[in-house]
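Sequence and predicted structure are below.
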Amino acid sequence: MFISISTTATADRPATDLGFLLHKHPEKVQRFSTSHGVAHVFYPEATEQVCTAALLLDIDPVALVRQGRGRGRAGSPDLALAQYVNDRPYAASSLLAVALRAVFRSAMKGACEKLPGRAELPMPLRISLPAVPATGGGEGGPGMVRRLFEPLGWQVEATAIPLDEAFPEWGESRYVRVELTGELRLADALQQLYVLLPVLDGAKHYWVAPDEVDKLLAAGEGWLGGHPELAVITRRYLARRWSLTRLAMERLALARLAEADDREAEELDNAVDDDPDAADETPDSTTPDANADVARATTPPHTTPPHTTPPHTTPPDTTAPDTTAPDTTAPDTDGRPVPLAVQRRAAILAALAETGAARVLDLGCGQGELVGELLKDIRVTEVLGVDVSSRALAAAARRLRLDRMTERQAARVRLVQGALTYTDARLKGYDAAVLSEVIEHLDLPRLPALEYAVFGAARPQTVVVTTPNVEYNVRWETLPAGHVRHSDHRFEWSRAEFADWAERVARTYGYTVALRPVGPVDEEVGAPTQLALFRAGNPDNAPERSVTR
């Protein structure tokens, strides 16, 4: 198994800088032991004009068999080959990728103390691989090599190797001779090879554990997320393990959203506690304690806003019980109090029922409380829950017990990762969308982006929006004057402000809107929550921008 890396001199740098960047002296032949053989590094040529480093990996196929490897694990095409006579000693594969990482670890990190700053600069490179397996049916062959490397800036020469040159009628083998030419950072080139060699092979010689996701994302930093063959690379690198593939795709999506928002991914993915069982705990809605009801009512059921998730702090209205706190609950048919969060979901469901919506978007679905209620309604045929936080989505999946649903039930619901301040083709074509306790978590300058993404691009027939009524805050003596209900709320609107916003959005995007109170209505300050029901166009049965203050 063989790979060579060549470079040529530039106006200000000799080609022999390659030896410093690889941390391997051109005048020495070095030998490195690996778990599956011996790696040799040497330089066929090393002048100031041209320098070539070669890695020869001498595989012991008997050792592979004895270690339980090399038997075609993870769908390897070598299942059909004998255990002791196979292509592993000759064709570049995951074995070579592991050797690259072991032998050139410092070079892959872009570290070079001898030539400060040199590792950060691109250099002319030519990489030769005499034999690379390129499998995958319609995906395989030279075309696959080009699809993987050309988007990264490489000029690719990929030639299929015949089964036997003496018998051309036998056709081509699954092996390709590859030469890559380009001007890249050496560290980037090595990281790309580390990921893409196992992808081309379509198999790994070792068991793919969950930490392979971390290795993939670390090696793919800066280039993997934007690669047009991202799905293929992720799936094949992770040996087609669906759970790991989904995890990697979610983390990549979160990283893209964080980069677009100039934030850390952890800031967007903190919508749930670290306790994995937290999502399975349902608040006791029958408790008679008024302030406990207040705490549940004022904590947004959708704790995951589009681009800003609440930090793990206790909101001011969830402090110790205070008998002077207002009772925002309403008695049910048994005389037991109903928390405002439950009343809010009931109001949303009633609004959707008025419109006859069957396919519903829950935008900022958090841990899936509303999704669960929607699935109980037989009139709802499909629910798409969208959230920026992969942790919240995982918690929602546990709460909804998606893994235990029948096939028919599971067909009604999907949970996907996305940010509501960006247009998303997946959101188009739905009857209704719900934004429950979401808009107040956005900075006001970002609100127009959400408006366009939902009302302009996705454009469902119905949109239901709920948000706190700031006027009602004075009814909580435990909430300091001037404070919002949750530490992550960027604003809270009065009834007049919410009405002005709703009417402007309706006017801009061609909707009618009706405003409604949710929860007990106080004569002076109104209800604790306000709801806007938007309908596209001007249907005969829709009110004309009626406003209830």
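Noted; the coordinates are in hand.

lowest-pLDDT helix or strand in the protein?
Every helix and strand of the chain was ranked by mean pLDDT, DSSP states H and E. The lowest is helix 290-298, at a mean of 31.

Run through the strands of the stretch 101-250 of the chain in chain order.
Using DSSP state E, counting those that start in this stretch, the strands of the stretch 101-250 of the chain run over residues 123-133, 155-162, 172-184.

would you turn those into CSV with mean pLDDT, mean neighbour count and distance to T529?
All C-beta atoms are positioned from the backbone trio N, CA, C, and that covers glycine. Compiled in CSV, those are given as follows (pLDDT from 0 to 100; neighbours: other C-beta atoms under 10 Å; distance: least, C-beta to C-beta, whole Å):
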stretch, mean pLDDT, mean neighbour count, distance to T529
strand 123-133, 93, 19, 60
strand 155-162, 92, 16, 58
strand 172-184, 92, 19, 55
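
Dump those strands to a markdown table, plus distance to M1.
Listed next are the strands of the stretch 101-250 of the chain as a markdown table, based on distance: least, C-beta to C-beta, whole Å:
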| stretch | distance to M1 |
| --- | --- |
| strand 123-133 | 8 |
| strand 155-162 | 15 |
| strand 172-184 | 12 |
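
And those strands: which comes nearest V513?
strand 172-184 (53.7 Å; C-beta to C-beta).

got the angle for the closest one vs strand 155-162?
160 degrees (axes from the mean of the first three to the mean of the last three C-alpha atoms, to 10 degrees).

so what does strand 172-184 touch, helix or strand wise?
strand 123-133, helix 142-149, strand 155-162 (3 or more C-beta pairs under 8 Å, 6 or more residues apart in numbering; DSSP states H and E).

Can you give the strand pairings for it, parallel or anti for each?
Here strand 172-184 has these sheet partners by DSSP bridges: strand 123-133 (antiparallel), strand 155-162 (antiparallel).

pLDDT below threshold where in the stretch 51-200 of the chain?
Applying pLDDT under 70 to the stretch 51-200 of the chain picks out residues 61-86, 136-140.

Are we agreed that L55 is in a helix?
No. Counting by DSSP: H, G, I helix; E, B strand; the rest coil, L55 is not part of a helix but strand.

what helix or strand is the closest residue to it other than its chain neighbours on?
Once flanking residues are discounted, L55 sits nearest to I3: 5.1 Å by C-beta to C-beta, 6 or more residues apart in numbering. Per DSSP states H and E: I3 is located in strand 2-8.

Which neighbouring elements make contact with that strand?
Applying 3+ C-beta pairs under 8 Å, 6+ apart, we find strand 2-8 packed against helix 17-22, strand 50-59, strand 123-133, helix 186-201.

Walk me through which strands it pairs with, and which way each runs.
Sheet pairing of strand 2-8 (DSSP bridges) gives strand 50-59 (antiparallel), strand 123-133 (antiparallel).

Adding distance to T234, write the ones you listed out as TSV.
What follows is these, written out as TSV (distance: least, C-beta to C-beta, whole Å):
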stretch	distance to T234
strand 50-59	26
strand 123-133	19
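
Which residue ranges of the stretch 301-450 of the chain form helices?
Assigned by DSSP state H, counting those that start in this stretch, the stretch 301-450 of the chain shows helices spanning 340-355, 369-376, 390-400, 407-410, 447-451.

still on that earlier bit, list the contacts of the strand holding I3.
15, 17-18, 22, 44, 49-57, 92, 96, 100, 123-130, 186, 189, 193 (C-beta atoms under 8 Å, 6 or more residues apart in numbering).

again, only using 6 Å
15, 18, 50-56, 123-130 (C-beta atoms under 6 Å, 6 or more residues apart in numbering).

buried set for that strand?
3-8 (16 or more other C-beta atoms under 10 Å).

Dump these into JSON lines; add distance to R504 and pLDDT as well.
Output for those, formatted as JSON lines (distance: C-beta to C-beta, whole Å; pLDDT from 0 to 100):
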{"residue": "I3", "distance to R504": "61", "pLDDT": "93"}
{"residue": "S4", "distance to R504": "64", "pLDDT": "94"}
{"residue": "I5", "distance to R504": "60", "pLDDT": "96"}
{"residue": "S6", "distance to R504": "62", "pLDDT": "96"}
{"residue": "T7", "distance to R504": "60", "pLDDT": "95"}
{"residue": "T8", "distance to R504": "62", "pLDDT": "94"}
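
Which of the residues you listed sits closest to I233?
For these, the nearest to I233 is I3 (19.4 Å; C-beta to C-beta).

quick one, strands of the stretch 401-549 of the chain?
413-417, 432-436, 462-468, 511-518, 529-536.

For the fourth one, name the packing helices and strands.
Judged by 3 or more C-beta pairs under 6 Å, 6 or more residues apart in numbering; DSSP states H and E, the packing partners of strand 511-518 are helix 495-509, strand 529-536.

Of these, which stretch is the most buried?
Mean neighbour count (mean count of other C-beta atoms under 10 Å) peaks for strand 529-536 among the helices and strands packed on strand 511-518, with a mean of 24.

Sheet-wise, list the partners of it with their directions.
Counting by DSSP bridges, strand 529-536 is paired with strand 462-468 (antiparallel), strand 511-518 (antiparallel).

Including distance to T381, mean neighbour count and mean pLDDT, could those go into a markdown table?
Shown next, in a markdown table, are the strands paired with strand 529-536 (distance: least, C-beta to C-beta, whole Å; neighbours: other C-beta atoms under 10 Å; pLDDT from 0 to 100):
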| stretch | distance to T381 | mean neighbour count | mean pLDDT |
| --- | --- | --- | --- |
| strand 462-468 | 15 | 25 | 96 |
| strand 511-518 | 23 | 21 | 95 |
